[in-house]
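[1] Compute the structure for the input listed below.
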Amino acid sequence: MRVGLHALGIGEGARPEVIRAVATAAETHGFARLWCGEHVVLVDAPVSRYPYSADGRIAVPADADWLDPLLALTFAAAVTTRIELASGILLLPEHNPVLVAKQAATLDVLSAGRFSLGVGVGWSAEEFAALGVPFARRGRRTEEYLAAMRVLWAEDPASFAGEFTRFEAIRVNPKPVRGGRLPVVVGGNSDAALRRAARLADGWYGFNVAVADVPGRVAVLAEECARHGRAVEELTVAVALSDGVPEHLPALSAAGVTELVVVGAPPPGADAAAAWVADLARAWIRPEG
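    Next up, the predicted model:
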């Protein structure tokens, strides 16, 4: 099973020397992919419930540094040569899809085809309000934006007419490295997210999932794939656990997980961060070897 690392972009993981140290150490020690998440806006006293914790609160302080994921991953791409990169996740309905299509393809080109675009619908009504984007129907907006972006990646000139975005005979370059397509991963643990991944994506990213819940979530994904004439094996299945230990890896693999994503906050300082990555590799990657 592949092992990824979700550790960049927040707090100490937003410092350039730590990003460099984590990215290069992760590549050296055999991590398959670096993940980086997104929030444009946090608020001190949110009303919206965070869906990935039991108490409905996000653990990241509202005043923490939180880098733009595409920019952070571009920095990581510049100091590595082999390790894959993924946004985990970018809140697509908060963005202009033409601009995201260009940014994602640019990162893919600069990383020599190592980037996968992980997207989700978002959960914070306060964040959407601050950005002037309607919170309602964000799922439908996400799906339409994906369709439009795939047209932009594949066609030149490109045209699209939808409810939320439209353009006519425009040229958006560069194109992604892999023949006008870029792998898309849908994040989220809900049934709606799994349905969206099965219909539209190349992979699914479940975040902060309890080990006991993983087989059930993968089974729902497989059912939805079958409903749309796909085999679940066509998708990458990446999961970050809320309560996992390395001994769970064989059971996760048997359940259909293809990538276990280790989530953590690196310590301050380049040397300490590199040693931290090496310790994670000894715990999570060596047992699979």
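[2] Now the phi/psi pair for residue 208, please.
    phi 60, psi 50 (degrees, to the nearest 10).
[3] and it, how many neighbours?
    17 (other CB atoms under 10 Å). Just so you know, the C-beta spots here come from the backbone N, C-alpha and C atoms, and that holds for glycine as well.
[4] Now do the SS call for residue 244.
    Of the three states, residue 244 takes coil according to DSSP: H, G, I helix; E, B strand; the rest coil.
[5] how about it, what does it touch?
    211, 252, 260 (CB atoms under 8 Å, 6 or more residues apart in numbering).
[6] Quick check: the last one touching residue 31?
    Yep, that's residue 260 we're talking about. No - taking CB atoms under 8 Å as the definition, residue 260 is not a contact partner of residue 31, at 10.4 Å.
[7] tell me, what's touching these two both at once?
    3-4.
[8] Nearest the geometric middle of this structure, what residue?
    residue 88 (1.8 Å; CA atoms, centre = their mean).
[9] what's the burial count for the closest residue in space to it that isn't next to it in sequence?
    The spatially closest residue to residue 88, leaving aside those adjacent along the chain, is residue 35, at 3.5 Å (CB to CB, 6 or more residues apart in numbering). Residue neighbour count, defined by other CB under 10 Å, stands at 31 for residue 35.
[10] which ones are touching residue 35?
    Each residue near residue 35 by CB under 8 Å, 6+ apart is listed here: 4-8, 86-88, 118, 205, 261.
[11] Now name the helix or strand holding it.
    Residue 35 belongs to strand 33-36 when elements are defined using DSSP states H and E.
[12] Listing partners with orientation, what would you give for that strand?
    strand 2-6 (parallel), strand 84-87 (parallel) (DSSP bridges).
[13] need the helices for the stretch 101-250 of the chain, in chain order.
    125-131, 138-154, 191-200, 214-227, 249-255 (DSSP state H, counting those that start in this stretch).
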